[in-house]
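In: Got a predicted structure plus its sequence, pasted below:
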Amino acid sequence: PFVAGQRLAGAAEEALGGLAAPSARVGSGGGLLQTLMAKVVTKPRRSRKNVSPVPDAMDAMAGAMPEAVPGSRKKVPGVEDPAVTRLMSEAKAAAAAGDAGIALKIYEDIVQMDAGNGKMWMKMFLLCRSGKDFAGGREVLRRGLTHLPGNAILWQAWADMERGLGKHEVARKLYRRAMEANPHLASLYNAWGGMERERGNVKLARELLTKGLKRNPTSARLHMSLAVLEDVAGNTEVAHAVLSRGLKLEPDNAHLHHAMGMLEFKRRSLGEARERFRVATQVDPDFTMAWLSWGRMEEELGYADSARDKYAAG
């Protein structure tokens, strides 16, 4: 591979401001852009104890979700409940200290007070997932979606987990539920399209990513994903056109410039490749992958001194 790089975000971490989604693996062939996808290793935490077992997700999806029920406490728009705010701080501190069990108990208290707080259900799910308590994570999401059946991010988080566990048909059903809840969620198209690409379902992946771009025409992430798909499928010029559209929308997006630099190198447009790498590193001087890609290109072309400078900068 030319260089390892950034992964695309999934619902769970995107909802809470981090990185995400299962690692990318293309069903057939490989392209330079495919190397922009790399694994993110999550440090395991202590698993949740005393969680009652729940049926397999496929069984859960066979029937309808329970009807939505109202939260146990009415909220005043724009006003935070002081008790909830205090508990959130305590849960955050417990999680930071590595005590997932205590954090889960506190989050449980919060959702008992405010069952419509989707962020708290997500935090509970992430604690279960990071501790590899997947049954507990399913239980949390089932409960949360009973109160919030229209929360597409919770549906996608469940789908992303099942995808990571290799339960692709279950994930498809959950992605569909997420799409029913919010057909405008860009991360949904990216995640589902990425799964289909991994499975070798190029046509379906292309349809999903194209549909996502129609709903979210300014999404740099979707432009990147579609470009990766086309590059791996051998459609380098199509991938180039997709990235060009993305750069017109976001001319200061370092990741798009980096990807374009890799494509230009593949096309042997070396001057343009250098310019894309230069802009990428100018926009984001801390973008290590762009520096490494640039350095590797110079090294392969025999310019050892230039390569050494780029490696040092990265």
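Out: On my side now, so go ahead.
In: And the lowest mean pLDDT element among the helices and strands of the chain?
Out: Counting by mean pLDDT, DSSP states H and E, the chain has its least confident helix or strand at helix 57-62, which shows a mean of 40.
In: Can you name the next helix or strand after it?
Out: On the C-terminal side of helix 57-62, the nearest following helix or strand under DSSP states H and E is helix 82-96.
In: Next, the angle helix 82-96 makes with the helix or strand just after that next one.
Out: Following helix 82-96 in sequence order, the next helix or strand is helix 100-113 (DSSP H and E). Angle, helix 100-113 to helix 82-96, by axes from the mean of the first three to the mean of the last three Cα atoms, to 10 degrees: 160 degrees.
In: can you count the residues close to Lys214?
Out: Using other Cβ atoms under 10 Å, Lys214 has 10 other residues around it. The C-beta positions use only the backbone N, C-alpha and C, and glycine is treated the same way.
In: what separates it from Met224, distance-wise?
Out: Using Cβ to Cβ, to the nearest Å, we find Lys214 at a distance of 16 Å from Met224.
In: Ramachandran angles for Glu264?
Out: phi -60, psi -40 (degrees, to the nearest 10).
In: Test my guess that it contacts Arg276.
Out: Yes. Using Cβ atoms under 8 Å, Glu264 makes contact with Arg276 at a distance of 5.9 Å.
In: So the two - more neighbours on which side?
Out: Set side by side, Glu264 and Arg276 show more neighbours around Arg276, with 27 against 22, by other Cβ under 10 Å.
In: The more buried one and Ala233: what is the separation?
Out: Counting by Cβ to Cβ, the separation of Arg276 from Ala233 is 22 Å.
In: before we move on, what about Arg129?
Out: Counting by Cβ to Cβ - Arg129 and Ala233 are separated by 32 Å.
In: the more surrounded of those two?
Out: Set Arg129 next to Ala233 and count neighbours by other Cβ under 10 Å: Arg129 wins out with 22 against 19.
In: Leaving out the residues flanking it, which one is nearest to that one?
Out: Gly137 (4.8 Å; Cβ to Cβ, 6 or more residues apart in numbering).
In: In terms of helices and strands, where is that neighbour?
Out: In the assignment (DSSP H and E), Gly137 maps to helix 134-147.
In: Also Leu127?
Out: In the assignment (DSSP H and E), Leu127 maps to helix 118-130.
In: which helices and strands sit right next to that helix?
Out: With contacts defined as 3 or more Cβ pairs under 8 Å, 6 or more residues apart in numbering; DSSP states H and E, the packing partners of helix 118-130 are helix 11-16, helix 82-96, helix 100-113, helix 134-147, helix 152-164.
In: With mean pLDDT as extra columns, can I get those in CSV?
Out: Below are those laid out as CSV (pLDDT from 0 to 100):
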stretch, mean pLDDT
helix 11-16, 51
helix 82-96, 90
helix 100-113, 93
helix 134-147, 97
helix 152-164, 97
